[in-house]
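Peer 1: My questions concern the predicted model and sequence given below.
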Amino acid sequence: MRKTLPPLLRVSLASAVSVTALQFAAASAQIATSSPAAFEIESQSLAKALVKYSEQSHMVIVAPVELVSGKTSAAVQGVFPPEQALSNLLTGTGLTVQTHKSGALTLQLASVEEGRSPARPLVMAQAATTTTPPPTPAPANSPAEDSVSVQETVIVTGVRGAPRSIIDSPTPIDVFSADDIQQGSPTGVFESLRYLVPSFNLPTRAGGGTATVIATGGLRGLNPDHTLVLVNGKRRHKTALINSVSSLYNGAAGVDLNMIPSSAIARIEVLRDGAAAQYGSDAIAGVINIILKDSPEGGEASVSFGENFDRSDGEFLTGSLNQGYAIGESGFAHFSYSYMDRNASNRAVPIADSVNLYPLLPGNVRDPREATIDRLVTTNYGAFPQTSHTFGLNLGYETNGVELYAFGTYGARTSVLDWSYRAPNNIASLPEVYPNGFRPRLTIYEDDFEIAGGVRGNYNGWDWDLSSNYGTDITDWENDNGLNASLGPTSPTHFEVGRLISSEWVNAFDATRPYDLGSSGELQVSFGLQHRLEKYEIEEGDEPSWAAGTYVRPVGQQFAGQLQTPGSQATPGFRPDDAGSIDRNNLSVYGELGWSATDKLFVSGALRFESFDDDAGEELIYKLNGRYELTDWLAARASYNTGFRAPTLAQQAYSSTTSQFRDLDGDGENELLLLKNLPVNSAAAIALGASPLVPETSENISFGFTLTPLNNLAITIDAYRIDVDDRIAVTTTFSSLDARIRDILTANGLPAEISGQYYTNAIDTRTEGIDVVGTYTLPTDSFGDFALKAGYNKNETEITGIIENPPELAALGNVVIFDRSKQNALTTAIPDSKITLGLDWTFGGFSANARTTRFGSYTVQNATNPAADYDVDPAWITDLEIGYAISEALSVFAGANNVFNEYPQEIAAPGSTTGSNMYNTFAPFGFTGGSWFVRGVYKW
């Protein structure tokens, strides 16, 4: 039988159910041996009554909402066999209990609906401590799905054991269906979460370099690597692409959700609370769990196309396909594929004709080519082009009372980064090779792979799960249209920059069982242990990509007699001293207790011990939380937990050199820097005061209320405070323009042109905020069904402690280890609030949804010059989508994202030499304006 322990699983009443003979047998085996139980269920909405029944009978109920919506249950009080109690509960609802030959109990209408196969079950009873992967979602545009209320959603989340509704959860939970994820035809999973989760921040660009490749977002004002990502309850591996030259989230190496095919996702669960003690380190801000589709039949194909309103650029094409198959009578296989192709967009403007791009001719005469050269010199001020193919597979098979399962994903992605223009009068632009200047191009070819498998079952009342999963992300970097000017005119123009590889192998055992304490309620006991092997590798590039040649400009050329910048332009290769690998082992063990003392009171606690075999050391963390029902419609919940996040291997080992433009003195003019990320154990970093990284630790306290004053209205309010000590961040840019810094760097083997930075445990922070989420459904006979959704987040982070200058920097006088801009990136550079308002409407085959989001204000600070700081005003962004179901299988949609074509507030005039930098690239809604899209979906 299916015995699983995914730490986060939501079973939605809005979902249609696809049940194999195997599942019937599993339910039958449990029900046949079930003893009479005590039931105390008042007459109430059928959806809520089924939740109570599930809690008291230890059976999970899975039902399509159209079957239970608007119905009222009968009261059930006394001791009954589960089948009889369920039958009594359904009195007057028009639903009956059916016993199949296998012995399984299902619910169906008293008279089977026309066109519905009587053999297809509508509700399945199942042992509460067993949780199958979620059923196939209802078809798009289903009125039933649109009308589902939060309190009508059955979940098993935050705590292990008996199922609960969202409102009954002791911690704040969000759940998003496959249809929610598709809304607006986004080009990735991260882009969907931007508008779905009020406390989730996803900047358009966190900065430069690889921060433009990986979508990087954080919960509740914290970093991406403060959120633990699971797939089907199993830990997901991290990307190899660290945010190395970004302003926001610098040093973060989180999980890239866009490498998971959106077509494979049944739902996404977001736990907005610290949960490191329950699910593992890194879960300081919360947990995101991706639940994969597992239907053994049917499938879906979709295709979307769209482009920006302005300049008709940024064209994108996405396609997806998924199909389920039955494996015998006791298993399933579900295959998925997603494709995405996105073209570049650009919002730079041509520079003035008066700006010289070519060297002056003798006599200070302008080169005549100035009159014909394209003055749109910047072509990368927008979104970069990207293409991806992602595949998913989910398998399950039961035999001899246990279930064998496996799932995995594979992604192949090509990302193109066109760097800034090197004009003919730039020192790096050799006229013999590029007489009209050039734009170096970095192409990253990425292969991402994850495979998980295991076996689960039941022994002596204990549900157990033994699993193993391995994931890796491999990135190959190539530099085209490039040049290593220090090698002279014979320099190659194509370079192999190097390779980054990140991998994780996790082995885990989990077990749980309930104990009936009689009049004292029920106790859920859970425990588990886990081993994780992590590895991070850097492979060097070919020699011309990093070599420092001796070429000097000949007499007669601009810059005559000067040495040239070493390494391939924009992205020098990984040097031999950058290359290497680092690995470590982690062992952890946890225990968790969940006590349902009464129908009104639930209390739980978790304890976890983590041990690393490197400098991260050991840590004991814990969590306490509870919920108390004050009235039938009002409950209070609270949580206190400690957290722990070890430095990632990438933060310890990453070393590379990139070029970027920086406004170092706040005068508005950017200067080109070669910037090297120094490993903390390198001689250059140590000479600048670096010390070994230590883990971040946290304390998280939250308190909130859940309100259901009306049957179709649900509101949750949760306030939180998160203290994180020893946060890891990147230091000040130690510029080679400062002779004192240059002397230190060159004395430790670096070229004179290269500036440096490293990661350090820089600061302590306190983040305080509040989340408010509300949903209201309004079904009508004459005008269709309406669903209103609203969310609000207010979030502020302050620095409560900051590292002192190490002696090496203190000796320099006016150099600080963590400057104003670095502090700002962790505090006020993130929007201080977000408001989301949504309205869904369905009427027959028609559907429409409108969504408007207010992104709050934020501030960007200069490293040294307060006069160069600026504030970015709030902005409202509105999205609209209209759909029509041509048939039961085929639906079409059209709409617009940012329908009013809003741009961020302009912070500066276009740069005189670039024609760009008018908008801050942190803007969470982008700086390329609105876009339109069309989408078609076919289901079978």
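Peer 2: Received it, and whenever you're ready, just let me know what you need.
Peer 1: count of neighbours near residue 782?
Peer 2: For residue 782, the neighbour count with other CB atoms under 10 Å is 5. For every residue, glycine as well, the C-beta is placed using N, CA and C.
Peer 1: Going by secondary structure, it is in what exactly?
Peer 2: Counting by DSSP states H and E, residue 782 is held by no secondary-structure element, helix or strand.
Peer 1: roughly how far apart are it and residue 844?
Peer 2: Applying CB to CB, to the nearest Å, the value for residue 782 to residue 844 is 12 Å.
Peer 1: How about residue 222?
Peer 2: 44 Å.
Peer 1: go on, residue 385?
Peer 2: Remark: distance between residue 385 and residue 844 (CB to CB) = 40 Å.
Peer 1: With neighbour numbers in mind, choose between residue 222 and residue 844.
Peer 2: In terms of neighbours (other CB under 10 Å), residue 222 is the more surrounded of residue 222 and residue 844; the figures are 28 against 10.
Peer 1: The more buried one: what's it in contact with?
Peer 2: Counting by CB atoms under 8 Å, 6 or more residues apart in numbering, residue 222 makes contact with 284-285, 722, 724, 767.
Peer 1: swap in residue 204?
Peer 2: 383, 921-927.
Peer 1: about what we covered before: need the residues touching each of residue 782 and residue 844.
Peer 2: Counting by CB under 8 Å, 6+ apart, no residue touches both residue 782 and residue 844.
Peer 1: in the stretch 601-750 of the chain, which segments are predicted with low confidence?
Peer 2: Applying pLDDT under 70 to the stretch 601-750 of the chain picks out residues 659-673.
Peer 1: rerun at 90
Peer 2: Residue ranges of the stretch 601-750 of the chain with pLDDT under 90: 615, 653-679, 681, 711-712, 729-730, 732-739, 741-742, 745-750.
Peer 1: what does the stretch 51-200 of the chain give?
Peer 2: Where the stretch 51-200 of the chain drops to pLDDT under 90, the residues are 51-177, 179, 185, 187-196, 198.
Peer 1: same thing but 70
Peer 2: Ranges of the stretch 51-200 of the chain meeting pLDDT under 70: 55, 58-67, 69-70, 98-166.
Peer 1: any idea how far residue 476 is from the residue lying closest to residue 541 once chain neighbours are set aside?
Peer 2: Once flanking residues are discounted, residue 541 sits nearest to residue 573: 2.5 Å by CB to CB, 6 or more residues apart in numbering. Separation of residue 573 from residue 476 (CB to CB) stands at 12 Å.
Peer 1: List the buried residues for whichever strand or helix holds residue 474?
Peer 2: Per DSSP H and E, residue 474 falls inside strand 462-480. Using 16 or more other CB atoms under 10 Å as the test for burial, strand 462-480 gives 463-465, 467, 469-479.
Peer 1: returning to what we had before: among the contacts of residue 204, which lie within strands?
Peer 2: Within the contacts of residue 204, no residue falls in strands by DSSP state E.
Peer 1: So what are the sheet partners of the helix or strand harbouring residue 853 and their directions?
Peer 2: Element membership of residue 853 [criterion: DSSP H and E] is strand 846-855. Take DSSP bridges as the rule and strand 846-855 pairs in its sheet with strand 833-843 (antiparallel), strand 875-885 (antiparallel).
Peer 1: which one of those strands lies closest to residue 427?
Peer 2: For the strands paired with strand 846-855, proximity to residue 427 was assessed by CB to CB; strand 875-885 is nearest, at 39.8 Å.
Peer 1: can you list contacts of the helix or strand following that closest one?
Peer 2: Next along the chain after strand 875-885, taking DSSP H and E as the criterion, comes strand 890-897. Contact partners of strand 890-897, identified using CB under 8 Å, 6+ apart, comprise 139-141, 184-185, 309, 877, 879-886, 930-939.
Peer 1: Quick one, which of the residues you listed are buried?
Peer 2: So, by 16+ other CB under 10 Å, the buried ones in the contacts of strand 890-897 are 139-141, 184-185, 309, 877, 879-881, 883, 885, 930-933, 935, 937-939.
Peer 1: I'd guessed residue 720 sits against residue 794; true?
Peer 2: No - using CB atoms under 8 Å, residue 720 makes no contact with residue 794, being 10.7 Å away.
Peer 1: related to what we said a few turns ago, helix, strand, or coil at the residue nearest to residue 541?
Peer 2: Here residue 573 is coil, with the state taken from DSSP: H, G, I helix; E, B strand; the rest coil.
Peer 1: From residue 743, how far out is it?
Peer 2: Separation of residue 573 from residue 743 (CB to CB): 26 Å.
Peer 1: between the two, who's got more neighbours?
Peer 2: Higher neighbour count among residue 573 and residue 743: residue 573, with 25 against 12, using other CB under 10 Å.
Peer 1: Pretty sure the more buried one sits against residue 495.
Peer 2: Yes - the criterion here is CB under 8 Å, and residue 573 meets it with residue 495 at 6.0 Å.
Peer 1: Please enumerate the shared neighbours of those two.
Peer 2: Listed contacts common to residue 573 and residue 495 are 479, 541-542, 544-545; contacts here mean CB under 8 Å, 6+ apart.
Peer 1: Do a quick rundown of the helices in the chain.
Peer 2: With DSSP state H as the criterion, the chain has helices at 21-32, 46-57, 65-68, 82-89, 143-146, 178-182, 189-196, 276-279, 543-546, 649-653, 683-687, 739-747, 807-810, 820-825.
Peer 1: chain center to the fourth one, what's the gap?
Peer 2: It refers to helix 82-89. Helix 82-89 sits 42 Å away from the centroid of its parent chain (CA atoms, centre = their mean, to the nearest Å).
Peer 1: From the contact counts, what lies against it?
Peer 2: The elements that helix 82-89 packs onto, with contact taken as 3 or more CB pairs under 8 Å, 6 or more residues apart in numbering; DSSP states H and E, are strand 37-41, helix 46-57, strand 76-80, strand 95-99, strand 105-109.
Peer 1: Pull out the buried positions in that helix.
Peer 2: For helix 82-89, the neighbour count (16+ other CB under 10 Å) marks 82-83, 85-89 as buried.
Peer 1: tell me the contacts of the residue lying farthest from the centre of the chain?
Peer 2: Taking CA atoms, centre = their mean, the residue of the chain most remote from its mean C-alpha position is residue 363, at 58.2 Å. Taking CB under 8 Å, 6+ apart as the contact definition, residue 363 lies against nothing.
Peer 1: quick one: pLDDT of it?
Peer 2: The model reports residue 363 with a pLDDT of 90.
Peer 1: Residue 907 too?
Peer 2: At residue 907, the predicted lDDT confidence score is 90.
Peer 1: and if you look at residue 337?
Peer 2: Reported pLDDT for residue 337: 98.
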